[in-house]
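>>> I'd like to go over a predicted model; first the sequence, then the structure.
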Amino acid sequence: MSRQHFTKNDFSIMQAEGLENRMNQIRNDIQPVFSRLAEPLAEDLSADTGEELFIHIAKHARRSVHPPESTWFGIAPDRRGYKKHPHFQVGLFDDHLFVWLTHMYEVPEKTDIGKMYLDRLSQLNSLPGDYKISPDHTKPEAFFIHENKDKVIHTLERVRDVKKAELLIGRQFDAETAASWNDDETYDYIYSTFKELLPLYQLSLQTA
């Protein structure tokens, strides 16, 4: 039966030696799970938002030497691409699963988005206590919103002021926990996170 959940092996793939070797394993083992997860997520989120959303699985096409440290898929309101739009993102580092509302540096309206979130800190603070912010989609580090008010403000100010700044809001689940879930649990944890982030996603889209 085709699985819709992640295994310990999926996370260990992100430590596989060599670009070609790691990419082959990502394509053969992880991306099929991404596809099976992304399809119902895109369908449900399209119904929630009232707009058609499209699936984009990262190809890592620019990699020529170093293998990717993480891999992911995005769900965005554009058939042609996702990086220029606020979008939903799910992916793996070797030690955790991430579920983000993502604003990559390519989003052209990031200055306004940074200002908007600085004006709506109360909405960020209303998220459950395990929600985090990351300032960089290429790095695993993130911090809890409720415990790091100064870091939250600094990150949002960078989004407002720095062209290459990024903003990711959501949850991280350690690899052991995520690998213990079955298909339904995996979907429920991811979808419930995105449901919690929907008001912020809609604010970001309106700003963008």
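Received the coordinates, thanks.

>>> Run through this structure and note the low-pLDDT ranges.
Low-confidence segments of the chain (pLDDT under 70): 1.

>>> Residues touching the longest helix seen in it, excluding its own?
Ranked by residue count, the top helix of the chain under DSSP state H comes out as helix 183-207. The contact list for helix 183-207 (CB atoms under 8 Å, 6 or more residues apart in numbering) reads 3-6, 37, 40-41, 44-45, 48-49, 77, 85-86, 88, 90, 99, 101, 103, 109, 112-113, 116, 120, 123-124, 127-128, 131, 169-171, 173, 178, 181. From N, CA and C alone the C-beta is placed, and that goes for glycine too.

>>> got it, and stretch 165-174?
89, 95-105, 110, 113-114, 117, 124, 127, 130-137, 142, 145, 155-156, 158-159, 189, 193, 197, 200.

>>> In strands only, show me the contacts of helix 183-207.
Counting by DSSP state E, the part of the contacts of helix 183-207 found in strands is 88, 90, 99, 101, 103, 169-171, 173.

>>> which among those residues gets closest to residue 12?
residue 173 (16.1 Å; CB to CB).

>>> Can you get me a residue count around the closest one?
A count of nearby residues for residue 173, using other CB atoms under 10 Å, gives 20.

>>> Could you do residue 200 as well?
20.

>>> what sits against residue 19?
Here residue 19 is in contact with 63-67 (CB under 8 Å, 6+ apart).

>>> ugh, typo on my part, it should be residue 93
11, 14, 69-70, 140.

>>> isn't there a strand covering residue 73?
Yes: Residue 73 sits within a strand when classified using DSSP: H, G, I helix; E, B strand; the rest coil.

>>> So it sits against residue 87, correct?
No: Residue 73 lies out of contact with residue 87 (CB atoms under 8 Å); the separation is 9.9 Å.

>>> Of those two, give the one with the bigger neighbour count.
Set residue 73 next to residue 87 and count neighbours by other CB under 10 Å: residue 87 wins out with 26 against 23.

>>> Name whatever forms a beta bridge with the more buried one.
Taking DSSP bridges as the rule, residue 87 bridges to residue 102.

>>> can you pull the contacts of it?
Counting by CB under 8 Å, 6+ apart, residue 87 has contacts 56, 74-77, 101-102.

>>> returning to that earlier point: got a ChimeraX select line for the buried ones in the contacts of residue 93?
Buried residues among those (16 or more other CB atoms under 10 Å), as a ChimeraX selection:
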select :11,14,70
